[in-house]
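Asks: build me a model:
(one chain, ligands or ions: 2)
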Amino acid sequence: MSSASPQADAGAADLVVSIRVEVDVVLARQEARRLAADLRFTGAELTLIATVISEVARNIVAYAGKGEIALRIVQQGQRRGLRVVARDRGPGIPDIELAMQDGYSTSRGLGLGLPGSKRMMDEFNIVSEVGKGTEVTMTKWERVR
Ligand SMILES: Nc1ncnc2c1ncn2[C@@H]1O[C@H](COP(=O)(O)OP(=O)(O)OP(=O)(O)O)[C@@H](O)[C@H]1O
Ligand SMILES: [Mg+2]
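Replies: Residues are numbered from 1 along each chain as shown. Ligands and ions are numbered 1, 2, ... in the order given. Next up is the predicted model:
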């Protein structure tokens with residue numbers, strides 16, 4: 001996990017979408033859009049958030065079989081953000097550094113899901129343990145305009 005930081009959340013409980021099949025991916029995206037509608041995200045930012053949710057949710061379906069996506073509005077000073085946590089108790093990732101490289105895939109995918117998601121979000125953290133599972137935590141912050 002990332003080290004504790006002085007980020008108070010907005011008090012909202014996690015909204016958890018369980019992920020098992022492809023339609024759950026769509027549901028998770030819809031829930032994120034609904035939550036994020038309250039925040040000052042541009043249409044482009046909402047699209048990036050939906051994209052990363054698709055990527056991590058599809059990874060859960062493909063590699064772990066099942067898992068969940070937790071969504072939460074977080075706050076840091078005046079800024080709010082949307083935090084996405086994708087977690088599963090699947091096989092885990094033996095070499096995270098390798099998995100984070102563009103083009104690395106164990107399934108003949110493009111190998112862009114994880115590194116692309118990191119680029120699309122403001123914060124990205126991945127923890128994985130072989131035989132235990134994987135947890136990807138990502139946050140997008142509102143721009144201060
Ligand atoms: N939740 C997970 N559990 C176990 N292994 C995972 C998980 N997510 C990713 N991986 C591993 O990390 C690799 C890289 O993931 P990434 O999403 O970047 O690429 P991909 O899924 O192979 O292809 P793409 O997402 O571009 O279709 C995967 O090929 C897989 O080996
Ligand atoms: Mg992927």
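Asks: dump the residue contacts of residue 111.
Replies: Counting by Cβ atoms under 8 Å, 6 or more residues apart in numbering, residue 111 makes contact with 101-105. (Each C-beta comes from the backbone N, C-alpha and C, glycine too.)
Asks: can you turn the buried part of these into a ChimeraX selection?
Replies: Provided next is the ChimeraX selection string for whichever of the contacts of residue 111 are buried by 16 or more other Cβ atoms under 10 Å:
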select :104
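Asks: secondary structure class for residue 80?
Replies: What DSSP: H, G, I helix; E, B strand; the rest coil gives for residue 80 is strand.
Asks: whoops, I mixed them up, residue 90
Replies: Applying three-state DSSP: residue 90 is coil.
Asks: which ones are touching it?
Replies: Contact analysis of residue 90 by Cβ under 8 Å, 6+ apart lists 60, 63-67, 133-134.
Asks: re the thing from before, which one of the contacts of residue 111 sits closest to ligand 1?
Replies: residue 105 (2.9 Å; Cβ to the nearest ligand atom).
Asks: secondary structure element holding the closest one?
Replies: Using DSSP states H and E, residue 105 sits in no helix or strand.
Asks: could you pull up phi and psi at it?
Replies: phi -150, psi 140 (degrees, to the nearest 10).
Asks: tell me how far the closest residue to ligand 2 within the chain lies from residue 119.
Replies: Nearest residue of the chain to ligand 2, counting by Cβ to the ion: residue 113, 2.7 Å away. Distance of residue 113 to residue 119, computed by Cβ to Cβ, to the nearest Å: 11 Å.
Asks: contacting residues for the residue positioned nearest the centre of the chain?
Replies: Closest to where the C-alpha atoms of the chain average out (Cα atoms, centre = their mean) is residue 84, at 4.2 Å. Taking Cβ under 8 Å, 6+ apart, we find residue 84 in contact with 32, 49, 52-53, 56, 69-71, 121, 136-139.
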